[in-house]
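Student: What follows is a predicted protein model with its sequence.
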Amino acid sequence: MLHGHQLRIPGPTTVPERVARASTRPMIDHRSAEFTSVLDDCRKGVQWALQTDNDVLVFPASGSGGLEAAVANLLSPGEPAVFCTAGWFGQTWADIAAAYRVDVVRVDAPWGEPLDARALDRTLGERPDITKVFLTHNETSTGVVNDLPALAEIVKGHGRLLAIDTIGGGLCQPIGVDELAADVVVSCSQKGFLAPPGLAMIAVSPAGLRATETSTCPRWYFDFAAQKACHDVGRTLSTPALSVLYALQEGLAILEEEGLEQVWARHRTAATMIRAGIEAMGLRLFAKAGYRSDTVTVVRSPFVSPDDHSAFLRDLDAEYGLALADGHDRMRGRIFRIGHLGAVVGDDAYAILARLENALEAYGITVDGEPGAALRAARLAAHRSAWSPTIAEVA
Ligand SMILES: Cc1ncc(COP(=O)(O)O)c(C=O)c1O
């Protein structure tokens with residue numbers, strides 16, 4: 001393939017060359033001062049990215065490991081806890097809690113819609129026995145970004161502990177952990193942080209740490225108190241994923257050079273361009289307007305048959321150099337998901353739209369307007385945006 005392949009699934013994301021090089025640095029003694037400095041940089045960088053002074057604990061795990069850690073440290077078997085779900089990942093967190101024998105009280109929203117703050121308010125009003133709420137920031141399975149300030153206000157208004165999965169969105173879109181007064185916030189290395197998979201980074205408030213003292217779910221590898229005690233002396237509980245820490249350190253350095261507001265603006269612009277292009281093609285967005293994520297765009301499939309849909313996604317990758325993700329569970333074969341997070345600039349939006357339009361045309365799917373309508377709509381969206389896609393670059 002002569003053209004550069006576009007990996008545009010919603011994580012893992014493309015790793016910039018600077019980060020890839022950093023990840024090949026030699027192994028070092030993980031009980032040395034040199035290691036402590038790498039770990040400190042990563043923990044401080046994540047605090048910066050999530051806008052928090054809370055302790056950041058780093059575990060060798062994927063994001064799901066971080067979700068499991070939150071359950072295992074905050075909850076006890078038989079304890080009722082609210083899990084807000086509006087898609088596959090919210091459901092996953094509730095399933096993890098059920099596996100730990102937690103009494104899961106769900107506040108569900110239909111897939112494609114945001115979490116309902118009023119329903120959450122009602123449930124918390126009716127259940128004073130519930131002390132903790134778990135919810136997803138960016139529901140990567142549906143392309144919805146939830147209204148965190150409104151949800152956090154409800155949770156905090158009821159005086160409950162708040163745990164947030166920001167794996168699919170944190171950093172790329174404003175989160176402001178301290179402003180939300182969120183107690184446990186789970187992120188991971190392979191999404192917006194420009195690094196490969198392998199690390200779950202979890203910000204834990206003093207109240208979150210206190211809650212672990214009474215929680216009786218079994219845990220060892222993921223024990224917050226034990227990991228914090230190690231981090232406090234510059235170490236980790238078990239052998240750290242050194243190469244991924246090197247990568248995260250470098251990814252954070254790149255992002256800090258760019259500046260957080262510019263990171264948000266870059267994602268907002270790419271997302272706006274892609275959404276405009278998709279709609280200009282006559283395709284339909286899955287997520288409710290007003291709640292569309294800046295990290296993933298979910299599109300209803302133009303194919304009637306799920307088999308044709310899957311064949312199209314395979315060809316799009318192999319022949320056109322664009323890897324997109326299928327839907328989860330009951331949405332498999334009915335939607336496709338475009339990841340535009342991490343190393344993404346406006347030029348990538350053009351590449352994504354052009355390849356998609358070409359492939360759809362080859363498949364006989366009539367797109368609205370003249371050929372190139374998607375690119376023109378994207379250009380217009382970029383023009384209206386504060387950030388110019390032709391000059392900004394991720395190193
Ligand atoms: C919102 C959300 N939560 C949880 C996960 C699971 O993370 P991982 O696949 O790293 O375990 C993902 C992964 O896409 C996600 O987007």
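Tutor: Yep, that arrived. Numbers count the residues shown, from 1 in each chain.
Student: From now on I want contacts and neighbour counts done on CA atoms only, so please keep to that.
Tutor: Will do.
Student: What are the boundaries of the helices in the stretch 201-350 of the chain?
Tutor: 206-214, 224-232, 242-258, 260-280, 306-320, 346-362 (DSSP state H, counting those that start in this stretch).
Student: Buried ones in the fifth one, by neighbour count?
Tutor: In terms of neighbour count (16 or more other C-alpha atoms under 10 Å), helix 306-320 has its buried residues at 306, 309, 310, 312, 313, 314, 316, 317, 320.
Student: cool, and the last one?
Tutor: Buried residues in helix 346-362, defined by neighbour count with 16+ other C-alpha under 10 Å: 346-360.
Student: again, but for the second one
Tutor: In terms of neighbour count (16+ other C-alpha under 10 Å), helix 224-232 has its buried residues at 224, 225, 227, 228, 231.
Student: The ligand: which of those is nearest?
Tutor: Proximity of those to the ligand (C-alpha to the nearest ligand atom) peaks at residue 224, which lies at 18.3 Å.
Student: I figured the closest one was touching residue 56, is that so?
Tutor: No - if you go by C-alpha atoms under 8 Å, residue 224 and residue 56 don't touch, sitting 10.0 Å apart.
Student: Around the ligand, which positions in this protein sit nearby?
Tutor: Counting by C-alpha under 6 Å from any ligand atom, the chain comes close to the ligand at 62, 63, 64, 89, 138, 139, 140, 165, 167, 168.
Student: and the third one, how far is that from residue 125?
Tutor: Per C-alpha to C-alpha, to the nearest Å, residue 64 is found 30 Å from residue 125.
Student: Could you do the last one as well?
Tutor: Distance of residue 168 to residue 125, given as C-alpha to C-alpha: 29 Å.
Student: repeat for the first one
Tutor: The span separating residue 62 from residue 125 equals 34 Å under the rule C-alpha to C-alpha.
Student: between the two, who's got more neighbours?
Tutor: Taking other C-alpha atoms under 10 Å, residue 62 and residue 125 do not tie; residue 62 has more neighbours (18 against 13).
Student: just checking, the more buried one touches residue 188?
Tutor: Yes - if you go by C-alpha under 8 Å, residue 62 and residue 188 touch, sitting 6.6 Å apart.
Student: what ranges do the strands span in this protein?
Tutor: For the chain, strands defined by DSSP state E occupy the ranges 6-7, 55-60, 80-85, 103-108, 132-136, 138-139, 144-145, 161-165, 184-188, 199-204, 296-300, 322-323, 325-326, 335-339.
Student: Quickly compare those strands and say which is most buried.
Tutor: With neighbours defined as mean count of other C-alpha atoms under 10 Å, the strands of the chain peak in mean count at strand 138-139, which reaches a mean of 32.
Student: How about whichever residue of the stretch 251-395 of the chain sits closest to the ligand: what's its closest non-neighbour residue?
Tutor: Using C-alpha to the nearest ligand atom, residue 296 is the residue of the stretch 251-395 of the chain that sits closest to the ligand, at 9.3 Å. Of all residues not flanking residue 296 in the chain, residue 339 sits nearest, at 4.5 Å (C-alpha to C-alpha, 6 or more residues apart in numbering).
Student: Run through the residues that contact that neighbour.
Tutor: Contacts for residue 339 (C-alpha atoms under 8 Å, 6 or more residues apart in numbering) come out as 8, 9, 10, 11, 295, 296, 297, 324.
Student: Look at it and report its pLDDT.
Tutor: In this model, residue 339 is scored at 98, pLDDT.
Student: Please apply the same query to residue 2.
Tutor: For residue 2, pLDDT reads 50.
Student: in the protein, which ranges drop under the pLDDT threshold?
Tutor: Scanning the chain for pLDDT under 70 picks out 1-3, 369, 386-395.
Student: quick one, phi psi at the residue minimising distance to the centre of the chain?
Tutor: Centroid-nearest residue in the chain, with C-alpha atoms, centre = their mean: residue 168, separated by 0.8 Å. The phi and psi values for residue 168, taken as degrees, to the nearest 10, are phi -90, psi 0.
Student: Spit out the contact partners of it.
Tutor: Contacts of residue 168 (C-alpha under 8 Å, 6+ apart): 10, 137, 138, 139, 140, 187, 191, 192, 295.
Student: Over to residue 153?
Tutor: residue 180.
Student: so how far is residue 162 from it?
Tutor: 10 Å.
Student: How about residue 276?
Tutor: From residue 276 to residue 162 the distance is 34 Å (C-alpha to C-alpha).
Student: and what of residue 267?
Tutor: Relative to residue 162, and taking C-alpha to C-alpha, residue 267 is found at 26 Å.
Student: Residue 114 is in contact with residue 151, correct?
Tutor: No - Residue 151 lies out of contact with residue 114 (C-alpha under 8 Å); the separation is 10.6 Å.
Student: which of those two has more neighbours?
Tutor: More neighbours surround residue 114 than the other of residue 151 and residue 114, with 28 against 21 (other C-alpha under 10 Å).
Student: Now for that one: which residues touch it?
Tutor: Neighbouring residues of residue 114 by C-alpha under 8 Å, 6+ apart: 86, 144, 145, 146, 147, 288, 291.
Student: Who wins on neighbours among these?
Tutor: For the contacts of residue 114, neighbours tallied by other C-alpha under 10 Å; top is residue 144, 31 neighbours.
Student: Let me see the contact set for that one.
Tutor: By C-alpha under 8 Å, 6+ apart, the residues touching residue 144 are 112, 113, 114, 138, 287, 288, 291, 292, 293.
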